[in-house]
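Peer 1: Okay, sequence plus prediction incoming.
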Amino acid sequence: MSLRITVREKQEPVVVHDDAQLQAALAAADREAASMKKLNIVSIEAENGNTLSVVVGGIESSLGFTYAHQNPPYFASKGAEIGIEPVLTCYLVLEHHTEFPREWVIPMRDSLRAANEFLISSERPKCVEWVEV
């Protein structure tokens, strides 16, 4: 399996084929976002067209999942907290301001596990809980 990882809007996606490459690409995206003092939403597309979005650049993260058909249902990671505040402020591919409610926030380590599972299955990872949005 391979994944196409888009970190910046006007940059070619990075193609990865194994977990080491995936973790290296996400670590590089994490360092870049942290150096800019921004959280970045990285888009990871599988060969089947399914997409996992991952927030990088901090110790907290959030995930989104969209099926290849781009129609509902859409999913977000389910965090431990309830409610909206304080929101997690991010930038989609370091450009577009986005805010996620606190109830979608999960630890970064869980997002990395989900990205690995997505590499293997190309389907919505089962290692995290999801809410339909």
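Peer 2: Right, received. Where do you want to start? Numbering: from 1, shown residues only.
Peer 1: Report the beta-bridge partners for the spatially most central residue of the chain.
Peer 2: Compute the mean C-alpha point of the chain, and by Cα atoms, centre = their mean the closest residue is residue 54, 1.1 Å away. Following DSSP bridges, residue 54 is listed with bridge partners residue 42, residue 63.
Peer 1: isn't it right up against residue 26?
Peer 2: Yes. With contacts counted by Cβ atoms under 8 Å, residue 54 reaches residue 26, the gap being 6.9 Å. Placement of C-beta: from N, CA and C, glycine included.
Peer 1: Give the residues shared as contacts by those two.
Peer 2: Listed as contacting both residue 54 and residue 26 by Cβ atoms under 8 Å, 6 or more residues apart in numbering are 42, 115.
Peer 1: show me the contacts for the residue nearest to the centre of the chain.
Peer 2: 26, 41, 42, 44, 61, 63, 111, 114, 115.
Peer 1: What distance do you get for it to residue 4?
Peer 2: Distance of residue 54 to residue 4, given as Cβ to Cβ, to the nearest Å: 13 Å.
Peer 1: Now for those two: what residues contact both?
Peer 2: residue 44.
Peer 1: what's near enough to touch residue 64?
Peer 2: Applying Cβ under 8 Å, 6+ apart, the residues near residue 64 are 41, 51, 52, 53, 74, 75, 76, 77.
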